[in-house]
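> Need the 3D shape of this:
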Amino acid sequence: MHDHEIQSLADALYNAERNAVPIPPLTKQYDTLTITDAYAIQMINIERAEAMGYGISGKKIGLTSPGMQRLLGVDEPDYGHLFSEMDCADATVDSVKLIGPKVEAEIAFILSADLTGPSVSLDDVRNATDHVVGAFEIVDSRVADWKIKLADTVADNASSGRYILGEKRLRLSDVDLAAETMKLYKNGSLVEEGVGANVLGDPCIAVAWLANKLLSYGVALKKGEIVLSGAFSAAPEAAKGDIFNVEFSSFGTIKASFI
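Modelled structure (predicted):
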């Protein structure tokens with residue numbers, strides 16, 4: 001694609017997020033849109049946000065489950081950037097500023113050292129992780145009705161929206177993330193269950209994949225950053241007035257209220 005086309009799509013996504021008004025799929029507008037183009041679009045808006053004073057707090061991994069990969073016809077995850085302004089530390093989510101939010105339960109890694117590819121191993125991930133916590137990721141799509149292909153979500157910062165971190169911190173040596181279980185409740189009703197092995201076999205594998213993948217885009221995982229490692233299950237829809245609770249087997253309960 002031409003630079004002006006990439007810039008035009010980045011502008012459209014930026015305005016969609018700012019105004020909370022979705023746009024048609026990018027892949028409908030340009031059927032030649034590649035994943036390389038999509039990451040270029042993502043980076044335009046990441047750099048735009050940084051220039052506006054937003055601070056990168058970490059990265060997120062998407063499409064870690066076999067089901068989601070089959071749905072979009074891909075065989076690997078994708079990634080996006082997190083900003084401090086996405087952190088809903090009071091466990092409340094302003095639904096007015098989102099378009100079509102969905103809720104994912106996952107594990108967040110907080111890094112104590114940089115992780116730079118190309119050969120990051122599971123031991124490297126373990127050694128570079130200060131602690132892990134349970135988390136909610138609230139994904140959102142600036143593409144209308146979630147009618148997305150892989151290039152759409154990549155360009156849209158991997159459908160990043162908001163996140164909530166749990167309070168219980170554990171070291172990786174004290175928990176088996178592959179065996180970690182979770183139950184997700186919406187307005188008091190159980191809607192999803194999952195296990196850490198659903199995340200590429202182990203959330204640590206997802207973090208290693210991300211560190212190695214980022215190298216090709218000149219990006220690294222940095223000390224102090226948060227890494228959202230991928231959802232344990234499908235993501236139910238959320239709307240104003242909804243209350244979600246997730247119960248992890250090791251990390252306790254986390255709440256999210258949509259106001």
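
> Any idea what the residue positioned nearest the centre of the chain is bridged to?
In the chain, the C-alpha nearest the mean C-alpha coordinate belongs to residue 60, at 3.7 Å (Cα atoms, centre = their mean). Applying DSSP bridges to residue 60 gives these bridge partners: residue 80, residue 228.

> quick one: contacts for it?
Neighbouring residues of residue 60 by Cβ atoms under 8 Å, 6 or more residues apart in numbering: 79-82, 137, 158, 160, 163, 227-228. The way it works is simple: take the backbone N, C-alpha and C, and place the C-beta from them, glycine included.

> the bottom helix or strand of the protein by mean pLDDT?
Ranked by mean pLDDT, DSSP states H and E, the weakest helix or strand in the chain is helix 66-72, scoring a mean of 75.

> buried stuff in that helix?
Judged by neighbour count using 16 or more other Cβ atoms under 10 Å, the buried positions of helix 66-72 are 68-69.

> cool, and stretch 58-65?
58-65.

> Mind putting the residues you listed into CSV with pLDDT and distance to residue 196?
Output for the buried residues of stretch 58-65, formatted as CSV (pLDDT from 0 to 100; distance: Cβ to Cβ, whole Å):
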residue, pLDDT, distance to residue 196
58, 97, 19
59, 97, 19
60, 96, 16
61, 94, 13
62, 89, 16
63, 86, 16
64, 84, 11
65, 77, 12
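
> Dump these into TSV; add distance to residue 251 as well.
What follows is the buried residues of stretch 58-65, written out as TSV (distance: Cβ to Cβ, whole Å):
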residue	distance to residue 251
58	18
59	20
60	18
61	18
62	21
63	23
64	18
65	19
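
> Do a quick rundown of the strands in the stretch 1-150 of the chain.
All strands of the stretch 1-150 of the chain, identified by DSSP state E, counting those that start in this stretch, fall at 56-62, 78-83, 92-93, 102-111, 129-139.

> what's the average pLDDT for the fourth one?
Meaning strand 102-111. Average pLDDT, strand 102-111: 97.

> buried set for it?
For strand 102-111, using 16+ other Cβ under 10 Å, the buried residues are 102-111.

> From the residues you listed, pick the one nearest residue 251.
Among these, residue 107 lies closest to residue 251 (Cβ to Cβ), at 7.8 Å.

> so how far is residue 221 from that closest one?
For residue 107, the distance to residue 221 equals 15 Å [Cβ to Cβ, to the nearest Å].

> list the contacts for the nearest residue to residue 248 once chain neighbours are set aside?
What sits nearest to residue 248 in space, not counting adjacent residues and going by Cβ to Cβ, 6 or more residues apart in numbering, is residue 134, at 4.4 Å. Residues in contact with residue 134 (Cβ under 8 Å, 6+ apart) are 105-108, 165-166, 168, 182, 246, 248, 251-252, 254.

> Could you look up the SS state of residue 194?
strand (DSSP: H, G, I helix; E, B strand; the rest coil).

> For the residue nearest to it when sequence neighbours are not counted, the count of nearby residues, please.
Of all residues not flanking residue 194 in the chain, residue 232 sits nearest, at 3.0 Å (Cβ to Cβ, 6+ apart). Neighbourhood size, residue 232 [other Cβ atoms under 10 Å]: 28.

> got the phi/psi numbers for residue 232?
Taking degrees, to the nearest 10, you get phi -80, psi -20 for the backbone angles of residue 232.
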